[in-house]
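J.: Fold the following, please.
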Amino acid sequence: MFNQLHAWLDRRHPLPARFEASPPADTLGQNWLTFLSIEEEIPFHKIAVAGWKSISETADATKRYLAGVRHTLGGTLEIEDKDDKAAVLLHNGPPPLNALPIYLVSLRLAGHHERVVYVGKTKAASRFGGGHAVAIKLLDPKYRDYEKIVYRWSVTISTNEWILLEWINPASTGEKMLDDVESQLIYNSSPSLIRRRKKEVALKSQLSFTSRMR
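T.: Prediction:
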């Protein structure tokens, strides 16, 4: 999984400019390219222990982490050498991981095309603490022979630079974008276990999409 904060700490990638100053508010009225990347593949029965984080929780963790880095480095976020990196890790630990706010549930059977049956988004770390309705649906005997897989996706937005969705400011705009991403994936993939009316997002969305398999 590519993580911009880890790459910045290793001096392989610049820190997004929005962390160096107070950025203007992001708005939905801009035509931004959205990059979706499958970062993890896990068995469906392990979703409750997979370590889910919402975009707001990840954004808050990033803010706290960078505030700690500034304190460690005397007010700057510039990693000049390996000693700076060592000091940051000693006092702050490793950077937060990506939120992975989109997930797809897929069915796999030897000799058949894999198919997506559910698309969802994560709004809280407790998303699967009490189980999931799709788990009940997958108990149907017709799915008995299928391997049930969950793909977890990161979402990156191109503003004037590439940033993770959880870094959109304000958080309410990021949540609206997340809803848009989920809706477009549902609209395009027609997952069989989602019965609610699909949104006609293709007519209203300001986001265009590309995706990448690991």
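
J.: quick one: low-confidence parts of the chain?
T.: 29-30, 124-131, 195-214 (pLDDT under 70).

J.: so where do the helices sit in it?
T.: 4-9, 55-72, 82-92, 133-137, 171-189 (DSSP state H).

J.: by contact count, what packs against the shortest one?
T.: Which is helix 133-137. Secondary-structure packing of helix 133-137 (3 or more C-beta pairs under 8 Å, 6 or more residues apart in numbering; DSSP states H and E): strand 115-121. (Glycine included, C-beta is placed from N, CA and C.)

J.: Against P95, how distant is the residue nearest to L73 when sequence neighbours are not counted?
T.: Among residues not flanking L73 along the chain, D84 sits closest, at 6.2 Å (C-beta to C-beta, 6 or more residues apart in numbering). Distance, D84 to P95, by C-beta to C-beta, to the nearest Å: 14 Å.

J.: do the same with F35
T.: 20 Å.

J.: Who has more neighbours out of these two?
T.: Comparing F35 with P95 by neighbour count (other C-beta atoms under 10 Å), the higher total belongs to P95, at 20 against 16.

J.: Could you verify my assumption that that one touches N3?
T.: Yes - assessed by C-beta atoms under 8 Å, P95 is found in contact with N3 at 6.7 Å.

J.: Turn the helices of the chain into CSV, columns for distance to P16 and mean neighbour count.
T.: Converted to CSV, these look like this (distance: least, C-beta to C-beta, whole Å; neighbours: other C-beta atoms under 10 Å):
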stretch, distance to P16, mean neighbour count
helix 4-9, 7, 19
helix 55-72, 10, 17
helix 82-92, 17, 13
helix 133-137, 35, 13
helix 171-189, 14, 18
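
J.: Can I get these in TSV including distance to P24?
T.: Below are the helices of the chain laid out as TSV (distance: least, C-beta to C-beta, whole Å):
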stretch	distance to P24
helix 4-9	20
helix 55-72	17
helix 82-92	28
helix 133-137	39
helix 171-189	12
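
J.: what sits against P96?
T.: Contacts for P96 (C-beta atoms under 8 Å, 6 or more residues apart in numbering) come out as 5, 58, 61-62, 65.

J.: Right, I'll call it a day here.
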